[in-house]
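Student: got a sequence here, can you model it:
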Amino acid sequence: MKRAKAETTGSLPKKLTRFYGVGEFGQQLSLMTLNMYLLYFYTNVLGISGTAAGTLLLIARIWDAINDPMMGMIIDNTHSKYGRCRPYLRYCALPAGVFLFLTFCAPNLSNTAKLVWAYVTYIGQGMLYTATGISYTSLIARITSDPIERVGLNQSRAFISMFAAIFISSMTLPLIQAIAKHSNERVGFAVVIGVYGILQAFCYWFVFRLTEGHDQPEPKTESNGQNSAAKDMISSLGYVLRNPLWRWLALSTLVYCTSSAITQGVIVFYVKYYLERPDLVGIASLCSMISSFFAIVLLKVFAKKLGKAKSCAMGLAVAIVCVAIRLFTRDSIIPLYLLCLLLSGFGLGLFSSLLVPSLMDSIDYGEWLLGKRNDALVMSANSFGNKLGQGLGASMLGFLLDAIGYKAEAVTQAAAVRSGIFNVAIFVPLAAFCIVFCIMLVYSRYEKKLPEIRAELDERHHAAQTAVEK
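Tutor: Purely as a prediction, here's the structure:
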């Protein structure tokens, strides 16, 4: 396979390594906004029940279980002058921004029509997020095969992701409320998310231009028409599913993202009703994210010294200890609560920033084990895990809020409701972190073999290239 020049030299342009993460800002404008505010928007602004919203989110994520790997296979079989991944950043950027805006519009419709509107806009937004997100993430594996350079590119993503998360979590609701003072929350959401949609489209277009010349076009192979192409796509899915390292890492992504969606979504309810300190919503969100900056700064250091698997396991262990402290104190000491958020933010920042480069290891492992390379399909696990986790987490949170008796119209909640909110905020992440920690221990066994595996792959590629030249 013909590789980009940057990949063969092992040295990427500084402009590319520094600014590749701009696309992550576009991704977070969807992911964080949906995780944190969609359930609130559906129940308090659009006016549908928590159960109806939870059902919607669950059905949409079931569709993503089909849509994400399909998109990965489509990208892997794309042949264009822009390469495999970049065409989707070019042509889907604007539609993705438009659908993000429409998802947070609340037209005056009947209850049935509101549900139809929510289904169409949310599922449409999710499909466009898939097309742009998988393409953007898969580009890293196309740009370079060097594991440390991949960590460096993801470091750029992680920096931007952190700032995006801080901005979105701390500023979105205040901006909406500021606009709502002069009109209402419907207008506030429409204006703020409308701006987010424009920014998202620009971010994807910027990455498309930035990576020009690095996603090399693939020559078309001989086929027997559409039936052969369909068989190739199904065969590719079979190769990925037979990859044990991919299965473990895909499971860890799904478990972590489901937990993250619940903890991000519950934080507004938790601080407002359990702690009875609505003034701490922004501060709590900030503390849980800002410390990840230090983890991102040290990302390459940890990856080189400990390896990705051990670094991820260490980050999760820190988060587990912090949640255990919160369980013991029941967050009765606010400074200690905020300190735990800071420390767990560091650990989770280390884990989440290394998760994508870890998935890329499964690309190399799958090629070595099964003889076929599927960059985009493998990386669809990241988008699939994010979106399915987001949907499962948000739907579970909606069901749980109804189950514990949460009343959206109530100024204060009953003691049983407050206790239920605490249990959700503590036991869900604690269980998830323990599961993913165990998976990272399994991953470490595979990671030890990867240098030898990559050396063998280089020999195979060299032998294949020599045979072609002869």
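
Student: what are the ranges of the helices in the stretch 351-470 of the chain?
Tutor: 375-403, 415-447, 450-469 (DSSP state H, counting those that start in this stretch).

Student: try the stretch 151-300 of the chain
Tutor: Using DSSP H, counting those that start in this stretch, helices in the stretch 151-300 of the chain cover 185-210, 226-241, 244-269, 281-290, 292-297, 299-305.

Student: got a markdown table for the helices of the stretch 351-470 of the chain, with mean pLDDT, mean neighbour count and distance to residue 241 too?
Tutor: For every residue, glycine as well, the C-beta is placed using N, CA and C. Converted to a markdown table, these look like this (pLDDT from 0 to 100; neighbours: other C-beta atoms under 10 Å; distance: least, C-beta to C-beta, whole Å):
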| stretch | mean pLDDT | mean neighbour count | distance to residue 241 |
| --- | --- | --- | --- |
| helix 375-403 | 76 | 25 | 10 |
| helix 415-447 | 93 | 18 | 17 |
| helix 450-469 | 82 | 12 | 19 |
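
Student: make CSV from the ones you listed and add distance to residue 324 to it.
Tutor: Converted to CSV, those look like this (distance: least, C-beta to C-beta, whole Å):
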stretch, distance to residue 324
helix 375-403, 21
helix 415-447, 7
helix 450-469, 33
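
Student: can you say which of those is nearest to residue 322?
Tutor: The minimum distance between residue 322 and the helices of the stretch 351-470 of the chain falls on helix 415-447, with 9.5 Å, by C-beta to C-beta.

Student: the helices of the stretch 351-470 of the chain: which one's closest to residue 279?
Tutor: That would be helix 415-447 among the helices of the stretch 351-470 of the chain, by C-beta to C-beta, at 17.4 Å.

Student: quick check: residue 162 touching residue 297?
Tutor: No - look at residue 162 against residue 297 with C-beta atoms under 8 Å: they stay out of range, at 10.3 Å.

Student: more crowded one of those two?
Tutor: A count of neighbours by other C-beta atoms under 10 Å puts residue 162 above the other of residue 162 and residue 297, at 24 against 13.

Student: now do the contacts for the more buried one.
Tutor: 289-290, 292-293, 296, 349 (C-beta atoms under 8 Å, 6 or more residues apart in numbering).

Student: what do you get if the cut-off is 7 Å, keeping everything else the same?
Tutor: 289, 292-293, 296 (C-beta atoms under 7 Å, 6 or more residues apart in numbering).

Student: mind putting the residues you listed into CSV with distance to residue 195 and neighbour count?
Tutor: Shown next, in CSV, are the contacts of residue 162 (distance: C-beta to C-beta, whole Å; neighbours: other C-beta atoms under 10 Å):
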residue, distance to residue 195, neighbour count
289, 21, 26
292, 25, 27
293, 25, 17
296, 26, 23
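
Student: my guess is residue 168 contacts residue 31. True?
Tutor: No - in terms of C-beta atoms under 7 Å, residue 168 does not count as a neighbour of residue 31; the distance is 9.0 Å.

Student: picking that back up, just give me the closest of the contacts of residue 162 to residue 62.
Tutor: Nearest to residue 62 among these, with distances taken as C-beta to C-beta, is residue 289, at 29.7 Å.

Student: which residues does the closest one contact?
Tutor: Per C-beta under 7 Å, 6+ apart, neighbours of residue 289: 162, 165-166, 169, 345.

Student: using JSON lines, lay out the contacts of residue 162 together with pLDDT and distance to residue 415.
Tutor: Below are the contacts of residue 162 laid out as JSON lines (pLDDT from 0 to 100; distance: C-beta to C-beta, whole Å):
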{"residue": "289", "pLDDT": "75", "distance to residue 415": "30"}
{"residue": "292", "pLDDT": "80", "distance to residue 415": "34"}
{"residue": "293", "pLDDT": "80", "distance to residue 415": "38"}
{"residue": "296", "pLDDT": "82", "distance to residue 415": "40"}
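
Student: re the thing from before, among the helices of the stretch 351-470 of the chain, which is nearest residue 263?
Tutor: helix 415-447 (5.2 Å).

Student: what angle separates the closest one from helix 375-403?
Tutor: 160 degrees (axes from the mean of the first three to the mean of the last three C-alpha atoms, to 10 degrees).

Student: who does helix 415-447 touch, helix- and strand-wise?
Tutor: helix 244-269, helix 308-329, helix 334-370 (3 or more C-beta pairs under 7 Å, 6 or more residues apart in numbering; DSSP states H and E).

Student: try 8 Å
Tutor: On a contact count with 3 or more C-beta pairs under 8 Å, 6 or more residues apart in numbering; DSSP states H and E, helix 415-447 meets helix 244-269, helix 308-329, helix 334-370, helix 375-403.

Student: of these, which is nearest residue 445?
Tutor: That would be, of the helices and strands packed on helix 415-447 and by C-beta to C-beta, helix 308-329, which comes in at 8.3 Å.

Student: how about the closest one: buried residues?
Tutor: Burial within helix 308-329, assessed by neighbour count using 16 or more other C-beta atoms under 10 Å, is assigned to 308-320, 322-323, 325-326.

Student: now swap in stretch 79-94 and tell me
Tutor: So stretch 79-94, judged by 16+ other C-beta under 10 Å, has buried residues 82-90, 92-94.

Student: what pLDDT, on average, does it get?
Tutor: The pLDDT scores in stretch 79-94 average 89.

Student: quick one: distance of it to the chain centre.
Tutor: 20 Å (C-alpha atoms, centre = their mean, to the nearest Å).

Student: likewise stretch 79-99?
Tutor: The answer for stretch 79-99 is 18 Å, by C-alpha atoms, centre = their mean.

Student: same check, this time on stretch 116-125
Tutor: Put simply, stretch 116-125 sits 20 Å off its chain's centre (C-alpha atoms, centre = their mean).

Student: buried residues in it?
Tutor: Buried-residue list, stretch 116-125, by 16+ other C-beta under 10 Å: 117-118, 121-125.

Student: export those residues to TSV and append columns for distance to residue 456.
Tutor: TSV is the format used below for the buried residues of stretch 116-125 (distance: C-beta to C-beta, whole Å):
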residue	distance to residue 456
117	53
118	50
121	48
122	45
123	43
124	44
125	42
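
Student: which ones among those are found in helices?
Tutor: Using DSSP state H, 117-118, 121-125 are the members of the buried residues of stretch 116-125 that sit in helices.

Student: and those, which is closest to residue 393?
Tutor: residue 122 (14.7 Å).

Student: my guess is that closest one meets residue 56, correct?
Tutor: Yes - using C-beta under 8 Å, residue 122 makes contact with residue 56 at a distance of 6.6 Å.

Student: so where's the stretch 51-200 of the chain shaky on pLDDT?
Tutor: 65 (pLDDT under 70).

Student: now for residue 302: which residues touch it?
Tutor: 295, 311, 314, 350, 354.

Student: state the distance from the second one to residue 302.
Tutor: Okay, so that is residue 311. 4 Å (C-beta to C-beta, to the nearest Å).

Student: find the residues that touch each one of the two.
Tutor: With C-beta under 8 Å, 6+ apart as the test, residue 311 and residue 302 both reach 350, 354.

Student: just to revisit the earlier point, can you tell me which of the helices and strands packed on helix 415-447 comes nearest to residue 111?
Tutor: The nearest among the helices and strands packed on helix 415-447, by C-beta to C-beta, is helix 375-403 at 16.6 Å.
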